[in-house]
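K.L.:
Below are the sequence and a predicted model for it; my questions follow.
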Amino acid sequence: MKLALIGYGKMGHMIAQAARLRTHDIVCTVDLFAQDASCITSDTSEMVRAVRESGAEGIIEFSHPASVFANISALIPTGIPLVVGTTGWLDRLPEIAAQVELNKSALLHASNFSVGVNLFYRMVSEAARLMASFEEYDVALFESHHNQKADSPSGTGLDIAKRILAQIPRKTKLVTDSFERKPESDELHLASVRVGSVPGTHTVWFDSSADTIELTHTARNREAFAIGAVRAIEWLCQPLDSGHVKNGIYTMDDVFDSL
């Protein structure tokens, strides 16, 4: 498959390596600064032109929260299947969904493409469902990431928190700031730390006066994210069982549900 990469920093280079290992061709790389990108630009029209002229059959977007919405909006009308790994734009998902429907295109987004993390999501959901009946257990979430990460909390942390809130009715509010007061019983605390070169660690605590249950996912490197993103574009570009191309908004849950 011919792939275009939007964002050619550390993550973009890892995705390119993973794609080549899976026998794909990288025909276009777009970045603001990377000197080895085939297109160095901040102009979305120039980005779209480069993607179209490359003959790309799929696009993977890993840029920056400040530019991701403009990039997505410009790329959707190309009709080329688009995988988005950049976070920080989901508050505008309804606008993007409307564009996808209008252009009959396909977009898959995820805060984390790692197979391990997506399995962890399901483990957390099931654990939270089991713990919902035991009010003596409180629950909280902690994450740590490298000090170059642009967003806090991470999209992965927010996704984990959403799964907990969906399964434990007594938790109705997410708090991501530090507490300067006693937390309310219906608040779920998501604490974030940014330090050094940590690829990403997420821990869920279920705590009572008698014991503590911890679930932790620790990323050793970003390789799993890159491989997952390539698998995501492979899935998005595969026709449906009916033979029709995919249209609409998808997530990694759709990928895993099809396995």
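P.N.:
Yep, that arrived. Numbers count the residues shown, from 1 in each chain.
K.L.:
switch to C-alpha atoms for all contacts and neighbour counts from now on
P.N.:
Noted.
K.L.:
show me where the stretch 51-200 of the chain has helices.
P.N.:
68-75, 93-103, 115-131, 155-167 (DSSP state H, counting those that start in this stretch).
K.L.:
any idea where the strands of the protein begin and end?
P.N.:
Taking DSSP state E as the test, the strands found in the chain are 2-6, 25-31, 39-40, 58-61, 82-84, 106-109, 138-145, 173-175, 187-194, 201-207, 212-218, 248-250.
K.L.:
burial count for the residue lying closest to P65 once chain neighbours are set aside?
P.N.:
Excluding the flanking residues, the one nearest P65 by Cα to Cα, 6 or more residues apart in numbering is G88, at 5.2 Å. By other Cα atoms under 10 Å, 20 other residues sit near G88.
K.L.:
again with F256
P.N.:
Residues lying near F256 (other Cα under 10 Å) number 12.
K.L.:
circling back: dump the strands of the chain into TSV; add mean pLDDT, distance to I72 and mean neighbour count as well.
P.N.:
What follows is the strands of the chain, written out as TSV (pLDDT from 0 to 100; distance: least, Cα to Cα, whole Å; neighbours: other Cα atoms under 10 Å):
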stretch	mean pLDDT	distance to I72	mean neighbour count
strand 2-6	98	10	24
strand 25-31	98	13	21
strand 39-40	98	17	20
strand 58-61	98	8	24
strand 82-84	98	8	26
strand 106-109	98	9	22
strand 138-145	97	25	21
strand 173-175	97	28	15
strand 187-194	97	27	19
strand 201-207	97	28	18
strand 212-218	97	30	14
strand 248-250	98	12	17
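K.L.:
Now distance to F256 too, for those strands, in TSV please.
P.N.:
Formatted as TSV, the strands of the chain follow (distance: least, Cα to Cα, whole Å):
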stretch	distance to F256
strand 2-6	22
strand 25-31	25
strand 39-40	33
strand 58-61	19
strand 82-84	15
strand 106-109	13
strand 138-145	24
strand 173-175	26
strand 187-194	26
strand 201-207	20
strand 212-218	18
strand 248-250	11
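K.L.:
about what we covered before: residue contacts, the residue nearest to P65?
P.N.:
P65, D151, G155 (Cα atoms under 8 Å, 6 or more residues apart in numbering).
K.L.:
Burial check on the residue nearest to the last one when sequence neighbours are not counted, number of neighbours?
P.N.:
Okay, so that is G155. Excluding its sequence neighbours, the residue lying closest to G155 (Cα to Cα, 6+ apart) is S111, at 4.9 Å. Counted with other Cα under 10 Å, the neighbours of S111 add up to 22.
K.L.:
right, and S111 touches I160 too?
P.N.:
No - between S111 and I160 there is no contact under Cα atoms under 8 Å: 10.3 Å.
K.L.:
what residues are up against the residue nearest the centre of the chain?
P.N.:
Of all residues in the chain, the one closest to the mean position by Cα atoms, centre = their mean is S111, 1.6 Å from it. Residues in contact with S111 (Cα under 8 Å, 6+ apart) are G85, T86, T87, S154, G155, T156, D159.
K.L.:
Cheers, nothing more for now.
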